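Participant: Whatever this is, show me its structure:
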Amino acid sequence: MVNGTTGETSPRSGEDAPISPQRNDDPKATTGSVGGGALCNDLSGLCLGARGEIETSKSGVYTSIARLASQLDSGREGGDVPLITIQTNRSALLIKEYYGHAVVLRVPTDAEAEGDISEEKHDNIVAQQDSSAAES
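Facilitator: The predicted model follows:
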């Protein structure tokens, strides 16, 4: 049945209303996404879009890092593009190039979610992670 004023189709009796997708632009609305973010660059390193807490002013740097890593690792079989991880005491950045577009994900550390941490506490966290990785 068509609504005469808006031209929209309404469901008939016994039918469910169509579900339209909704976009959630609030990065803190999803559980576990506090402090995280994502960014995508074009082929020239210009930011096409970003969500969450990520520095868009560094978009060209992310593209350069991805391309340099590809040059360093160009001798690999199969043409796999490397995944670059930059880890700080506040977050980890995952950078990878897909068809010339650099995609960056910012993943906050557990310590950032709790608030700022001291350098000593950060060193303890890294030491624990290193020891658990060595045990595996």
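Participant: Just give the nearest non-adjacent residue to Ala50, would you?
Facilitator: Excluding its sequence neighbours, the residue lying closest to Ala50 (CB to CB, 6 or more residues apart in numbering) is Leu39, at 4.2 Å. All C-beta atoms are positioned from the backbone trio N, CA, C, and that covers glycine.
Participant: Tell me which helix or strand the one you found sits in.
Facilitator: Using DSSP states H and E, Leu39 sits in strand 37-41.
Participant: I'd assumed Glu97 was in a strand, is it?
Facilitator: Yes - per DSSP: H, G, I helix; E, B strand; the rest coil, Glu97 lies within a strand segment.
Participant: Surely it is in contact with Val81?
Facilitator: Yes - between Glu97 and Val81 there is a contact at 5.3 Å, judged by CB atoms under 8 Å.
Participant: joint contacts of these two?
Facilitator: Residues touching both Glu97 and Val81 (CB atoms under 8 Å, 6 or more residues apart in numbering): 66, 70.
Participant: Those two: which is more packed in?
Facilitator: Using other CB atoms under 10 Å, the more surrounded residue of Glu97 and Val81 is Glu97, with 21 against 14.
Participant: ok, now which ones touch the more buried one?
Facilitator: Glu97 sits next to 63, 66-67, 70, 81, 103 when contact means CB under 8 Å, 6+ apart.
Participant: Return the helix or strand in the chain with minimum mean pLDDT.
Facilitator: helix 110-114 (a mean of 64; mean pLDDT, DSSP states H and E).
Participant: Please verify my assumption that Lys96 contacts Ala66.
Facilitator: Yes - contact criterion CB under 8 Å: Lys96 and Ala66 qualify, at 6.6 Å.
Participant: Export the strand holding Leu39 to PDB, keeping only CA atoms.
Facilitator: The C-alpha coordinates for strand 37-41 follow below in PDB (Å, rounded to 0.1, in the frame of the first residue of the first chain):
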ATOM      1  CA  GLY A  37      39.400   4.200  15.800                       C
ATOM      2  CA  ALA A  38      39.800   3.500  12.100                       C
ATOM      3  CA  LEU A  39      41.000   5.400   9.100                       C
ATOM      4  CA  CYS A  40      41.200   4.800   5.400                       C
ATOM      5  CA  ASN A  41      43.400   6.800   2.900                       C
END
